[in-house]
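Let's see this in three dimensions:
(one chain, ligands or ions: 1)
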Amino acid sequence: MSEEAADADATDADVLDDLFAVIEDRKETLPADSYTTTLFTDEKGENLVLEKLGEETTEVILAAKDDDHEELAHEAADVVYHLLVLLSMKGMTLDDLRAELAERR
Ligand SMILES: N=c1c2ncn([C@@H]3O[C@H](COP(=O)(O)OP(=O)(O)OP(=O)(O)O)[C@@H](O)[C@H]3O)c2ncn1[C@@H]1O[C@H](COP(=O)(O)O)[C@@H](O)[C@H]1O
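Residues are numbered from 1 along each chain as shown. This next block holds a predicted model:
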């Protein structure tokens with residue numbers, strides 16, 4: 001574990017659930033000035049998410065090749081955020097992801 005990760009507060013353990021809850025709330029309430037809202041309201045929103053996943057995944061690969069841990073964490077977070085938005089768009093939840101991962105243990 002990196003020093004930065006080790007320093008993270010214990011409550012950060014819930015960060016994925018918290019982020020998914022925020023995404024679900026944006027989908028429900030559609031506040032202005034929210035990037036997430038634009039993804040849910042733009043008629044091309046799903047395509048935007050899919051394009052972002054492609055772009056950010058490429059950036060993950062480049063950061064990994066450069067062995068740039070800070071950039072890798074940044075780009076991986078972009079991928080995870082857009083992946084969670086995609087799951088929400090499809091009416092899925094983090095539990096679907098957990099169930100799939102758990103089946104592989
Ligand atoms: N985790 C994220 C998150 N990750 C990425 N993004 C957005 O996704 C977009 C990615 O586009 P870019 O590729 O241009 O990103 P970039 O980082 O500028 O570019 P690169 O560094 O990847 O090259 C940017 O607009 C980012 O702001 C996110 N936008 C929102 N969130 C979370 O969602 C919550 C709700 O945000 P809003 O909907 O904006 O209120 C926030 O509190 C955050 O926790």
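
so who does the residue most central in space within the chain touch?
Compute the mean C-alpha point of the chain, and by CA atoms, centre = their mean the closest residue is residue 81, 1.6 Å away. With contacts defined as CB atoms under 8 Å, 6 or more residues apart in numbering, residue 81 is in contact with residue 19. C-beta here means a position set from N, CA and C on the backbone, and glycine is covered the same way.

Could you look up the SS state of it?
Look at residue 81: counting by DSSP: H, G, I helix; E, B strand; the rest coil, its state is helix.

and if you look at residue 33?
State at residue 33, reduced to three classes by three-state DSSP: coil.

Residue 63 now?
Relying on three-state DSSP, one would call residue 63 helix.

Quick check, pLDDT for it.
At residue 63, the model reports a pLDDT of 98.

for it, what are its contacts?
71, 72, 74, 75.

shaky segments in the chain?
Scanning the chain for pLDDT under 70 picks out 1-11.

Could you check how far the residue nearest to the centre of the chain is from residue 87?
As judged by CB to CB, to the nearest Å, residue 81 and residue 87 stand 11 Å apart.

Residue 25 versus the residue nearest to the centre of the chain, what's the distance?
Separation of residue 81 from residue 25 (CB to CB): 14 Å.

cool, residue 62 as well?
With CB to CB as the criterion, residue 62 and residue 25 are 33 Å apart.

Check residue 96 too.
19 Å.

ditto for residue 98
Distance, residue 98 to residue 25, by CB to CB: 20 Å.
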